[in-house]
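Student: what's the 3D shape of this:
(one chain, ligands or ions: 1)
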Amino acid sequence: MAQERVALVTGGTRGIGAAIAKGLQAKGYKVAANYGGNDEAANAFKAETGIPVFKFDVGDYAACEAGIKQIEAEVGPIDILVNNAGITRDGAFHKMSFEKWQAVIKTNLDSMFTCTRPLIEGMRSRNFGRIILISSINGQKGQAGQTNYSAAKAGVIGFAKALAQESAGKGITVNVIAPGYVATEMVMAVAEDIRNKIISTIPVGRLGEAEEIARAVEYLAAEDSGFVTGSTITINGGQYIA
Ligand code: NDP
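Tutor: Numbering: from 1, shown residues only. Below you'll find the model as predicted:
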């Protein structure tokens, strides 16, 4: 029953995550949204949607354990996990600092462990779970200037394939969505001429909308999507056909 299901969206207060949280709320799920540090955006999101927000760093295991415990106590046992929080710290590899490498791996890949491990035993004991991971076109094809991000986002896909096999017998599906360029603040902050160059490489001829990613999450979260597991749904306007 969707009404009784609880969903956690990491990085759920802005951009794609906010669209996912709102989409799941509209479908009748009880939603909790995590964020990292932007209190102003989180408070505005909470005021607009009524969705409770929980601040913890998805790269920090102890913080995630505590945050997830709090969400499960206040909202309910988590049935649907959307691991969406992510960052970029771009740069040519031969000039990249180890700090930039580690920051991206921590937030985009360690978070697969830190946000999933504390709640998967609960899902296994209830024989139901939907784990949905947000990767990227650049994890599929690789992107110059993003060795750290491409490595992390490719790692997400490998993680999903392994965990899907481990979890299938317990009613838990694990799937990935790999978005192309989506019109969030991050992409709209890119200079217009560069953005137009990017758009010229997208066969559909435009950026994606966050709601287009949210619709795929809603599909994967559904009760009757139990036969879909270990898959990667590519949503990129035809920019890269894996
Ligand atoms: P935004 O920068 O718009 O939002 C990121 C969200 O993640 C915010 O809520 C932010 O919280 C949160 N976040 C960042 N770091 C942490 C952290 N350490 N702990 C907890 N929360 C954190 O990103 P997008 O919406 O653009 O991207 C969402 C996901 O989609 C990411 O995984 C990204 O890699 C992926 N993606 C995006 C694409 C795009 O074109 N936009 C394309 C392909 C993939 P706070 O507000 O507190 O900073």
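Student: And the strand or helix carrying Gln140, how far out from the chain middle?
Tutor: For Gln140, the enclosing helix or strand under DSSP states H and E is helix 137-141. Mean C-alpha position of helix 137-141 versus that of the full chain (C-alpha atoms, centre = their mean, to the nearest Å) differs by 15 Å.
Student: Quick one: list the elements packing against the next helix or strand after that helix.
Tutor: Next in sequence after helix 137-141, counting helices and strands by DSSP H and E, comes helix 147-167. With contacts defined as 3 or more C-beta pairs under 8 Å, 6 or more residues apart in numbering; DSSP states H and E, helix 147-167 has these neighbours: helix 98-105, helix 111-126, strand 129-134, helix 137-141, strand 172-179. Yep, even glycine has a C-beta here, placed from its N, CA and C like the rest.
Student: What residues sit buried inside stretch 88-96?
Tutor: 88-89, 96 (16 or more other C-beta atoms under 10 Å).
Student: Next: stretch 99-119.
Tutor: 100-101, 103-112, 114-116, 118-119.
Student: which residue is nearest the centroid of the protein?
Tutor: Asn84 (1.7 Å; C-alpha atoms, centre = their mean).
Student: what's that one in contact with, if anything?
Tutor: 9-12, 16-17, 20, 134 (C-beta atoms under 8 Å, 6 or more residues apart in numbering).
Student: hmm, 6 Å instead?
Tutor: 9-11, 17, 134 (C-beta atoms under 6 Å, 6 or more residues apart in numbering).
Student: For it, give me phi and psi.
Tutor: Here is the backbone geometry of Asn84 (degrees, to the nearest 10): phi -110, psi -30.
Student: For Gly205, see how far away it is.
Tutor: Asn84 sits 26 Å away from Gly205, going by C-beta to C-beta, to the nearest Å.
Student: per-residue pLDDT, Gln3?
Tutor: Listed pLDDT for Gln3 reads 48.
Student: circling back to that earlier point, next step: the buried residues of stretch 88-96 restricted to strands.
Tutor: Of these, none are assigned to strands by DSSP state E.
Student: Using CSV, lay out those together with distance to the ligand and pLDDT.
Tutor: As requested, the buried residues of stretch 88-96 are exported to CSV (distance: C-beta to the nearest ligand atom, whole Å; pLDDT from 0 to 100):
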residue, distance to the ligand, pLDDT
Thr88, 7, 94
Arg89, 11, 95
Met96, 17, 98
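Student: Out of these, the closest to Gly237 would be?
Tutor: For these, the residue nearest Gly237 by C-beta to C-beta is Thr88; the value is 19.6 Å.
Student: That closest one touches Thr147, doesn't it?
Tutor: No. If you go by C-beta atoms under 6 Å, Thr88 and Thr147 don't touch, sitting 11.5 Å apart.
Student: Let me see the contact set for Leu163.
Tutor: Here Leu163 is in contact with Val174 (C-beta under 6 Å, 6+ apart).
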